[in-house]
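Asks: With the sequence up front, the predicted model follows.
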Amino acid sequence: FGESLMKDDKLDSAKIVWEQGLKSDVGNPMNYVGLAKYLWFKGDTTQANVNIDKAFEITKKKSHPQKAEVLRQVASIYIETEKFKKLDASIELLNKAIEIEPNNPDNYIVLGDALELKTPENGSFAIKNYNKALELNPRSPKAVLRTAKLYERAQNPKLANQKFKEAQALDPNFAPAYRGNAELNMKFQQFETAIENWESYIKLNNTIEARYRYATALFQDSKFNLAITELNKLQSEGFSNMYIDRMLAYSYCQVDDIENAVLTGLKHMDAFFKIASKDQILASDYKFKGLLFNKNGQDSLALIELEKATLIDKDNQTDALGDIAEIFIKQKDYTNAIKAFNRKTNGDASLLSVKELYNVAKAYYFGEKNYKAADSCFANLAERAPTYAPAYLWRARSSYSLDENNELWLAKDHFLRFLEVLGEEDMK
């Protein structure tokens, strides 16, 4: 039970379990090992070693039934900790455990873990031990899981996914196989499958941290309503950080069926900016703050935030510039809209979406009365969206404005094409 609590990051609860275990059974070496693990993870290696020595003292005889287990669990402490790893010592302990229990597959699994960390550039040493574990127990989901993670680290998602599925099939209640599969899917942006695996994992191990990762997968898959529900639950239970506020702000900005979504989004955006340090703020944070202001009818504030987005990431400023142009279009400030579109394209009209191309063309038509530029933009629009009838109508109007006396009949063919496309649309 203490080990399960440790895996859920409930270190203090695990400590209580092991201390109670010592009170009830002072001769059980595993209680000392458990307490040592808690102390080692807390950084108190001195006191941890005191407890490890007690466990070794109890199991000093080779015939002690728990000797191999103690050696293996102490080795795991040296491997699993983020700091104070002792890989060589863990390998030495595991080789001793193998001498005592040569047919225990767990010895080879943990030894594989140690060797994988010791020689990450060469997974063959780890694989050899995982295969040995599978030889001893072909139905070991733990050994298959380790193999899956090796394939993941080798950037082979197809084989990794195959192995995660194999581990799940061997034991449908083996929660780590679903978690590992979910993390793999998120890493390679297979969010729909990640969501399914997180749901399976949470049925077996419903922790706050797992639900946080599940909510993140929902957000990354653009399931904003579901993400909002899960993220709000987490905050209501006291689990919150700047990333939750960021995801909530972005999500509320992108839903239209939640009451007071914009104001709620702005509230979370404010909370995010209060927590985040300067180097944690992304261009998209300013962008979504600007979009929320825009949705709230605060155009001047929206423009300020969107301009910040263009400054913080000059290499990827085109989205924010498109949003700036949209606001000017809405305000019928065609001169500034054209300026924003020109900043976005920098001479390359292919950077504009079809909608943006339509808007800049109309800005030239209504604002500057630059019918030649409008005609060129509408021609580009018709080429990119050949079934979009308004492209031909407005090109015809632009051409007519360039030839009002019909000396060249510039508008005729475009009006005819407009009627042709319109007729095709009516027949559908």
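Replies: Everything's here; your move. Residues are numbered from 1 along each chain as shown.

Asks: Report pLDDT for K10.
Replies: Note on K10: pLDDT of 51.

Asks: Likewise for D348?
Replies: We have a pLDDT of 90 for D348.

Asks: tell me which residues of the host helix or strand of E209 are tucked away?
Replies: Assigned by DSSP states H and E, E209 belongs to helix 208-220. Across helix 208-220, burial judged by 16 or more other CB atoms under 10 Å covers 210-219. Every residue, glycine included, has its C-beta placed from N, CA and C.

Asks: which strands and helices sit next to the following helix or strand past it?
Replies: For helix 208-220, the following helix or strand on the C-terminal side (DSSP H and E) is helix 224-236. Applying 3 or more CB pairs under 8 Å, 6 or more residues apart in numbering; DSSP states H and E, one finds that helix 224-236 contacts helix 208-220, helix 242-253.

Asks: What are the buried residues along the shortest one?
Replies: This points to helix 242-253. Judged by neighbour count (16+ other CB under 10 Å), helix 242-253 contains these buried residues: 242-253.

Asks: just to revisit the earlier point, got TSV for the helices and strands packed on helix 224-236, with distance to I329 and mean pLDDT too?
Replies: Listed next are the helices and strands packed on helix 224-236 as TSV, based on distance: least, CB to CB, whole Å; pLDDT from 0 to 100:
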stretch	distance to I329	mean pLDDT
helix 208-220	29	97
helix 242-253	19	98
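
Asks: Just want the angle from the one helix or strand K203 maps to to helix 224-236.
Replies: Secondary structure assigned from DSSP H and E places K203 in helix 191-204. Angle of helix 191-204 versus helix 224-236, following axes from the mean of the first three to the mean of the last three CA atoms, to 10 degrees, is 40 degrees.

Asks: Kindly export helix 191-204 (C-alpha atoms) in CSV.
Replies: The C-alpha trace of helix 191-204 is given here as CSV (Å, rounded to 0.1, in the frame of the first residue of the first chain):
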residue,chain,number,x,y,z
PHE,A,191,-4.9,12.9,-29.0
GLU,A,192,-8.1,10.9,-29.6
THR,A,193,-6.3,7.6,-28.8
ALA,A,194,-4.5,9.3,-25.8
ILE,A,195,-7.9,10.3,-24.4
GLU,A,196,-9.2,6.7,-24.6
ASN,A,197,-6.1,5.4,-22.8
TRP,A,198,-6.3,8.1,-20.1
GLU,A,199,-10.0,7.1,-19.5
SER,A,200,-8.9,3.4,-19.2
TYR,A,201,-6.1,4.4,-16.8
ILE,A,202,-8.3,6.6,-14.6
LYS,A,203,-10.8,3.7,-14.2
LEU,A,204,-8.0,1.8,-12.6
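
Asks: Show residues contacting that helix.
Replies: 168, 173, 175, 178-179, 181-183, 185-186, 210-211, 213-214, 217-218, 220-221, 223 (CB atoms under 8 Å, 6 or more residues apart in numbering).

Asks: ditto for stretch 341-359
Replies: Defining contact as CB under 8 Å, 6+ apart, one finds that stretch 341-359 is touched by 310, 317-318, 321-322, 325-326, 329, 337, 360, 363, 377, 380-381, 384-385, 388, 390-391, 394.

Asks: switch the cut-off to 10 Å
Replies: Applying CB atoms under 10 Å, 6 or more residues apart in numbering, the contact partners of stretch 341-359 are 310, 317-326, 328-330, 334, 337-338, 340, 360-361, 363-364, 376-378, 380-385, 388, 390-391, 394.

Asks: Only the buried subset of those residues, as a ChimeraX command please.
Replies: Filtering the contacts of stretch 341-359 down to the buried ones (16+ other CB under 10 Å) takes a single ChimeraX command:
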select :310,317,318,319,320,321,322,323,324,325,326,328,329,334,337,338,340,360,361,363,364,376,377,378,380,381,382,390,391,394
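
Asks: I'd like to know how far V110 sits from V26.
Replies: Note on V110: its distance to V26, by CB to CB, to the nearest Å, is 27 Å.

Asks: Which one's more surrounded, the two?
Replies: Taking other CB atoms under 10 Å, V110 and V26 do not tie; V110 has more neighbours (27 against 11).

Asks: got the contact list for that one?
Replies: Listed by CB under 10 Å, 6+ apart, the contact partners of V110 are 71-73, 75-76, 79-80, 90-91, 93-94, 97, 104, 129, 133, 142, 146.

Asks: Please determine how far T387 is located from H414.
Replies: Note on T387: its distance to H414, by CB to CB, is 15 Å.

Asks: who has more neighbours, these two?
Replies: When T387 and H414 are compared for neighbours, H414 comes out ahead with 23 against 10, by other CB under 10 Å.

Asks: Counting neighbours, which bits of the strand or helix carrying the more buried one end up buried?
Replies: Element membership of H414, judged by DSSP H and E, is helix 412-427. Across helix 412-427, burial judged by 16+ other CB under 10 Å covers 414-415, 417-418, 421.

Asks: which other helices and strands contact that helix?
Replies: Judged by 3 or more CB pairs under 10 Å, 6 or more residues apart in numbering; DSSP states H and E, the packing partners of helix 412-427 are helix 371-384, helix 389-402.

Asks: again, 8 Å this time
Replies: Helix 412-427 packs on helix 389-402, going by 3+ CB pairs under 8 Å, 6+ apart.

Asks: that older thread, ok and the helix holding H414 relative to helix 389-402, angle-wise?
Replies: Interaxial angle of helix 412-427 relative to helix 389-402 (the same axes, to 10 degrees): 160 degrees.

Asks: Give me the residues contacting helix 412-427.
Replies: 382, 386-389, 392-393, 395-396, 399, 406.

Asks: Most widely separated two among those?
Replies: T387 and N406 (27.5 Å; CB to CB).

Asks: All good on my end, thank you.
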